[in-house]
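Engineer: Got a sequence here, can you model it:
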Amino acid sequence: MIRRNIRVLVIDDSAIVRRVLTDVLSAEPDIEVVGTAPDPYVARDKILSLKPDVLTLDLEMPRMDGISFLKRLMRYYPLPVIVISSIAPAGCAVAMEALRLGALEVLAKPGGPYSVEELSSVLAATVRAAASARLQRPTAKYAAVAPVPALESGGGSDRSVILIGASTGGVDAIREVLTRMRADSPPVLVVQHMPPVFSAALAERLNRVCAMNVAEARPGDEVRRGRVLIAPGGKHMQIIRADGQARVALNEDPQENYHRPSIDVLFRSGAKHFGKHAVGVLLTGMGADGARGMLDIRKAGGATIAQNEETCVIYGMPAEAVRLGAAEAVLPLREIAGGIVGAVRRMSSEPVSA
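Structural biologist: Here you go, the predicted structure:
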């Protein structure tokens, strides 16, 4: 059986960007750019006539902005959408809103942190993942949710750490988990694959809706109860020990699994420094990043949880963790926060790792 190429419609008001994206995608044997559009009105007609599988979407366009278009699209004609946006800090909050409305991924326009060459592999892989994605309904305006039961104060919960990794579709999944965590929960470190600057916007948005304090990680930040640290885009994040205290270190070492930050880098450091008091959580995303690091956590005696296929936008990274035997538990997204609390309670009577 011959597989049909993935059909892509490129929507951007810049003729140069339309040409660059068309050239990048047309070089792939399994991807076909069936059309381009300079604004949402032209795009609307081309969607109906060309029936693309995936859209790339700019957010700043004439006649109708990308957010307004995305709202209408997801309501009346939902399709997988990859946002390709400016890296300007003012645009980051808008990009986060696009993810909330159902966009699968946010990438930086050529000329930003991605070179055209780097964008080639990232964009093609993202288009392939988007073509097979399970579209989610847009979430409400981050309404409050019931938190999971409280952990006992003191005891082993004070020496635990929660490590979360996610990629495509992960922004909303991370929100779902963190908004169910109580303010005095054990420390949480998060790697979400996204470009620089966008990670700061993600931390700011999560901080507004979570009981825990959420911030983009900085070198030397203390890993402590009640705090969530988000890995900055473009930098690996790992745990180190300094003067007996767990702290964060950041670096720009080569990519792992085509990513920086890499989930594997974080998970390995958690396995090394927290051992059986580490909880590794792998959420939706394409590829295999995090699976081997999760296996390290499990071998060290820690707890590991993978999101199940039915609730993943992309069942890539969790599937690889399951295949490797790294996932101790496989749970629906809404049960993961409870699974984390249960794991921390079980390890609370264990002696401190050497």
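Engineer: how about the helices of this protein, start to end?
Structural biologist: 15-26, 40-50, 66-76, 89-101, 116-131, 170-178, 198-209, 263-274, 291-299, 317-324, 333-347 (DSSP state H).
Engineer: among these, which is nearest Gly220?
Structural biologist: Across the helices of the chain, Gly220 has its closest neighbour in helix 263-274 (14.6 Å, Cβ to Cβ). For the C-beta atoms, the positions are set from N, CA and C on the backbone; glycine is no exception.
Engineer: picking that back up, any chance of the helices of the chain in TSV, plus distance to Leu163?
Structural biologist: As requested, these are arranged in TSV below (distance: least, Cβ to Cβ, whole Å):
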stretch	distance to Leu163
helix 15-26	33
helix 40-50	40
helix 66-76	31
helix 89-101	22
helix 116-131	23
helix 170-178	12
helix 198-209	16
helix 263-274	5
helix 291-299	7
helix 317-324	13
helix 333-347	10
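Engineer: which one of these is the most hemmed in?
Structural biologist: Ranked by average neighbour count under the criterion mean count of other Cβ atoms under 10 Å, the helices of the chain are headed by helix 263-274 at a mean of 26.
Engineer: just to revisit the earlier point, next, format the helices of the chain as JSON lines and append mean pLDDT and distance to Val83.
Structural biologist: Formatted as JSON lines, the helices of the chain follow (pLDDT from 0 to 100; distance: least, Cβ to Cβ, whole Å):
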{"stretch": "helix 15-26", "mean pLDDT": "93", "distance to Val83": "12"}
{"stretch": "helix 40-50", "mean pLDDT": "96", "distance to Val83": "13"}
{"stretch": "helix 66-76", "mean pLDDT": "94", "distance to Val83": "7"}
{"stretch": "helix 89-101", "mean pLDDT": "82", "distance to Val83": "5"}
{"stretch": "helix 116-131", "mean pLDDT": "85", "distance to Val83": "10"}
{"stretch": "helix 170-178", "mean pLDDT": "95", "distance to Val83": "11"}
{"stretch": "helix 198-209", "mean pLDDT": "93", "distance to Val83": "10"}
{"stretch": "helix 263-274", "mean pLDDT": "98", "distance to Val83": "22"}
{"stretch": "helix 291-299", "mean pLDDT": "98", "distance to Val83": "26"}
{"stretch": "helix 317-324", "mean pLDDT": "98", "distance to Val83": "21"}
{"stretch": "helix 333-347", "mean pLDDT": "94", "distance to Val83": "22"}
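Engineer: Can you check the distance spanned by stretch 208-220, start to finish?
Structural biologist: One end of stretch 208-220 to the other measures 24 Å (Cα to Cα, to the nearest Å).
Engineer: Check which residues of it are buried.
Structural biologist: The neighbour-count check on stretch 208-220 (16 or more other Cβ atoms under 10 Å) flags 210-212, 214, 216-217 as buried.
Engineer: Rebuild those as JSON lines, extending it with pLDDT and distance to Arg3.
Structural biologist: Formatted as JSON lines, the buried residues of stretch 208-220 follow (pLDDT from 0 to 100; distance: Cβ to Cβ, whole Å):
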{"residue": "Cys210", "pLDDT": "96", "distance to Arg3": "42"}
{"residue": "Ala211", "pLDDT": "96", "distance to Arg3": "46"}
{"residue": "Met212", "pLDDT": "97", "distance to Arg3": "45"}
{"residue": "Val214", "pLDDT": "98", "distance to Arg3": "42"}
{"residue": "Glu216", "pLDDT": "98", "distance to Arg3": "41"}
{"residue": "Ala217", "pLDDT": "98", "distance to Arg3": "41"}
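Engineer: residues in contact with the residue nearest to Ile230 when sequence neighbours are not counted?
Structural biologist: Nearest non-adjacent residue to Ile230, counting by Cβ to Cβ, 6 or more residues apart in numbering: Ala203, 4.4 Å away. Ala203 makes contacts with 214-216, 228, 230, as judged by Cβ atoms under 8 Å, 6 or more residues apart in numbering.
Engineer: What confidence value was assigned to Ser353?
Structural biologist: Per-residue confidence (pLDDT) for Ser353: 44.
Engineer: 49 is where my numbering starts, stick with that
Structural biologist: Okay, using 49 as the starting number, the last item reads as Ser401.
Engineer: Verify the contact between Ala326 and Ile345 for me.
Structural biologist: Yes - between Ala326 and Ile345 there is a contact at 5.1 Å, judged by Cβ atoms under 8 Å.
Engineer: what touches both of these two?
Structural biologist: Each of 211, 318-319, 351 lies in contact with both Ala326 and Ile345 under the rule Cβ under 8 Å, 6+ apart.
Engineer: returning to that earlier point: mind checking the helices of the chain for the one nearest to Asp269?
Structural biologist: When those are compared by Cβ to Cβ, helix 246-257 sits nearest Asp269, at 11.8 Å.
Engineer: Would you mind getting the angle between the closest one and helix 137-149?
Structural biologist: Helix 246-257 and helix 137-149 meet at an angle of 60 degrees, taking axes from the mean of the first three to the mean of the last three Cα atoms, to 10 degrees as the criterion.
Engineer: Tell me how far helix 246-257 lies from the chain's centre.
Structural biologist: For helix 246-257, the separation from the chain centroid amounts to 13 Å (computed by Cα atoms, centre = their mean, to the nearest Å).
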